[in-house]
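In: my questions concern the predicted model and sequence given below.
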Amino acid sequence: MLRAILSKLRIASRVGGRPDRVSILLPFLIISIGLGVLAWRSYTLSVRTEEGSKALARQYAGYAAEITASRVDAAARAEMSLVSDEWQQIEKRIDKPTFGSLGAWIAQHDWIVDAIYVPDDDPASSIYGTEAATGKSKKEVRLTREFFTATGSIRYTYSPQRLLATPTVQTAIRQQIPAKDRRAGTMPVQQAADVTLVSGESEGYRELTDGFAAVSALAPPLSSFAVRAAVRTSYGTTGWENQRVLSLWVSLLALVLLAIGALLALRGMSKEAETMKLRGALIANVSHELRTPLSMIRLGAETLKRGKLKDKERQDIEDQILREVLLLSHLVENVLDVARIQNQSTRALAFTPVHPRDLIGNLLTTYESWIRSKGFTCTVQIDETIGEQMWDRDSVSRALLNLIDNAIKYSADEKAIEVILRQTSEYIVIEVKDRGVGIGGNDLTKIFDPYYRAQFSDTTTRRGAGLGLTLVQQIVASHGGKVEVESQAGSGSTFRLMFPRDLAGDPAESASFGRPREAF
Ligand code: ADP
């Protein structure tokens with residue numbers, strides 16, 4: 001991913017100039033720094049708020065545990081004094097407490113297990129009562145308690161767990177005063193602590209993943225029990241709900257979006273730069289190529305006008321003018337066609353049935369004298385079995401003409417051109433071979449680029465705007481085909497136009513390949 005981004009930046013940097021890049025990237029850099037500062041600020045703020053809410057949760061849990069523990073103690077004490085008061089009432093109502101009245105007293109209080117009443121006047125006639133067998137756990141902790149009455153004393157065994165489960169004690173536990181924020185907003189901690197009675201936990205604070213818990217022991221005789229209050233904070237979680245995590249992710253997302261924006265801007269800029277480069281090349285190349293023939297024509301015309309020329313001189317000048325006009329129209333046609341195909345002009349190609357051999361024959365006949373005048377011989381090799389193809393006759397002719405023009409331009413002493421028409425299982429191939437200067441390895445990949453001209457192409461003897469092969473490639477591509485080139489510097493070139501076979505109109509494929517013959 002990082003490598004892809006870096007390579008994109010490199011591409012963009014190759015195309016756009018350094019100052020352009022800086023001017024595009026600077027605003028993004030400034031926004032990124034601003035965003036970074038904002039992200040850092042919001043992060044530190046949420047860390048601070050988180051710490052504050054943790055401290056608050058700890059404090060609140062401590063209060064809740066302590067207050068609830070003292071309330072529970074008071075409620076337990078109240079329950080115990082209530083039972084002794086009730087017994088005093090019973091003693092007042094009846095002369096002598098009986099086994100039945102002791103049993104009824106025990107039965108009224110779920111948490112009392114058994115009791116013994118010892119009268120002061122006759123300890124030998126003590127009465128003992130126990131709760132009805134209820135199947136309650138024998139494993140539960142039991143404690144004893146004693147109180148004195150008007151006529152004797154009561155000693156009873158009770159279950160502290162059951163005492164703590166009585167409604168009085170439970171009400172004391174539930175009596176939570178919710179924490180309230182004095183300001184209108186909500187607090188970053190739970191509004192009421194989760195309070196539970198626990199046994200066997202030591203007093204103190206425990207940090208939870210999402211808050212704090214405080215444990216406060218009850219007073220004797222319930223000291224083996226404690227109240228545990230837990231308060232959760234809204235920052236305690238590690239997921240999306242955590243403000244710190246959230247602010248980090250939001251900042252990261254903003255930075256990623258910004259980076260994408262910067263990349264898109266750079267890409268747009270590189271495209272723009274590419275267009276500018278092409279435009280520049282068009283103006284530089286084409287204007288030069290237009291000016292040369294125009295000034296030659298003007299010069300020729302002026303000389304003709306001055307008159308007093310011998311027939312031979314006049315003839316030469318007329319030939320010169322004609323040659324320059326032909327060159328000029330060839331160039332203008334190329335420029336216009338490239339632009340038209342590049343802009344996908346509405347002038348669609350007119351695909352009609354074309355006999356490739358006729359197309360080649362007609363073209364060579366038309367340009368025969370021109371090719372001869374350059375001192376070239378041209379041989380053709382035609383596979384006569386190739387049938388009609390659905391081609392745009394004019395544009396394929398133009399492509400072939402460009403190849404022949406190049407073969408002539410880029411040849412030196414060996415002035416021979418070969419045109420071959422053959423077929424493979426997939427393609428109809430038109431090949432143009434020359435024995436000219438050839439193309440170096442580095443240039444081979446670039447010669448189809450618009451306005452590209454190889455280094456050796458000096459502008460005086462080998463004139464051109466670097467558009468011929470671009471057009472050739474566009475034409476073949478618009479027929480669904482491709483162009484191949486084989487060449488080495490110094491040993492000639494072979495260009496292959498490969499059109500997909502129009503199988504419908506094609507006779508059976510055969511290997512009958514015409515013998516090479518001199519075209520002219
Ligand atoms: P132009 O001929 O106007 O320069 P082209 O697009 O036709 O433009 O060709 C691009 C380049 O490819 C030429 O400048 C030349 O360097 C190279 N080239 C094309 N055809 C040949 C060839 N037959 N032999 C050697 N080089 C060639």
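Out: It's in.
In: the helices in the stretch 1-150 of the chain, which residues?
Out: Assigned by DSSP state H, counting those that start in this stretch, the stretch 1-150 of the chain shows helices spanning 2-15, 18-93, 99-108.
In: out of those helices, nearest to V354?
Out: helix 2-15 (40.5 Å; CB to CB). C-betas here are computed from N, CA, C, even on glycine.
In: circling back: nearest to the ligand, out of the helices of the stretch 1-150 of the chain?
Out: Each of the helices of the stretch 1-150 of the chain has some distance to the ligand by CB to the nearest ligand atom; the shortest is helix 2-15, at 21.5 Å.
In: what is the mean pLDDT for that closest one?
Out: In this model, helix 2-15 has a mean pLDDT of 48.
In: one more: stretch 382-393?
Out: 92.
In: now stretch 93-107
Out: 90.
In: what lies in contact with it?
Out: Residues from elsewhere that reach stretch 93-107 (CB atoms under 8 Å, 6 or more residues apart in numbering): 83, 86-87, 90-91, 112, 114-115, 117, 119, 127-132, 151, 156.
In: check those residues against the ligand, which are close?
Out: When CB under 6 Å from any ligand atom is applied, no member of those is adjacent to the ligand.
In: now, these that are in strands?
Out: I112, D114, A115, Y117, P119, I127, Y128, G129, T130, Y156 (DSSP state E).
In: select only the buried ones of these in PyMOL?
Out: Buried residues within those, by 16 or more other CB atoms under 10 Å, are selected in PyMOL with:
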select buried, resi 112+114+115+117+119+127+129+156
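In: list just the nearest of the ones in strands among the contacts of stretch 93-107 to the ligand.
Out: Taking CB to the nearest ligand atom as the measure, the ligand sits nearest to I112 out of the ones in strands among the contacts of stretch 93-107, at 111.1 Å.
In: element containing the closest residue to G204 other than its chain neighbours?
Out: In this structure, G204 finds its nearest non-sequential neighbour in V215, 6.1 Å apart by CB to CB, 6 or more residues apart in numbering. V215 belongs to strand 211-217 when assigned by DSSP states H and E.
In: before we move on, what about W249?
Out: helix 243-306.
In: centre of the chain versus that helix, how much separation?
Out: Here helix 243-306 is found 28 Å from its chain centre; the criterion is CA atoms, centre = their mean, to the nearest Å.
In: just for this structure, where's the confidence low?
Out: In the prediction, the chain carries residues with pLDDT under 70 at positions 1-21, 133-138, 176-188, 234-243, 281-282, 285, 342-348, 455-461, 503-520.
In: and it, which residues reach the ligand?
Out: Within the chain, the positions adjacent to the ligand are 402, 406-407, 409-410, 434, 436-439, 447, 452-454, 457, 464-470, 493 by CB under 6 Å from any ligand atom.
In: would you mind confirming that R71 makes contact with T171?
Out: No. The pair R71 / T171 is not scored as a contact, 9.0 Å apart, by CB atoms under 8 Å.
In: so if I had to pick from the two, which one is more boxed in?
Out: Between R71 and T171, R71 has the larger neighbour count (other CB atoms under 10 Å), namely 18 against 11.
In: ok, now which ones touch the more buried one?
Out: When contacts are counted by CB under 8 Å, 6+ apart, R71 touches A172, I173, Q175.
In: do the same with S32
Out: If you count contacts by CB under 8 Å, 6+ apart, S32 has them with L255, L258.
In: now do it against R244, distance only.
Out: 21 Å (CB to CB, to the nearest Å).
In: now S397
Out: For S397 relative to R244 (CB to CB), the value is 73 Å.
In: equivalent analysis for T68, please.
Out: 31 Å.
In: the residue in the chain that the ligand sits nearest to: how many residues sit nearby?
Out: Nearest residue of the chain to the ligand: G464, at 2.0 Å (CB to the nearest ligand atom). Around G464 sit 22 other residues, with neighbours defined as other CB under 10 Å.
In: that one: what secondary structure?
Out: Assigned with DSSP: H, G, I helix; E, B strand; the rest coil, G464 falls in the coil class.
In: just read off the phi/psi values of it.
Out: phi 170, psi 170 (degrees, to the nearest 10).
In: cool, and D110?
Out: phi -60, psi -30.
In: returning to that earlier point: if I look at the residue of the chain closest to the ligand, how far off is T470?
Out: 11 Å.
In: also Y128?
Out: 117 Å.
In: ditto for Q161
Out: Here Q161 is placed at a distance of 95 Å from T470 (CB to CB).
In: what's the end-to-end length of stretch 213-221?
Out: 24 Å (CA to CA, to the nearest Å).
In: now swap in stretch 477-492 and tell me
Out: 24 Å.
In: quick one: contacts of it?
Out: Under CB under 8 Å, 6+ apart, the answer for stretch 477-492 is 341, 349, 391-392, 395-396, 414, 427, 433-441, 444, 447-448, 469, 472-473, 476, 493-500.
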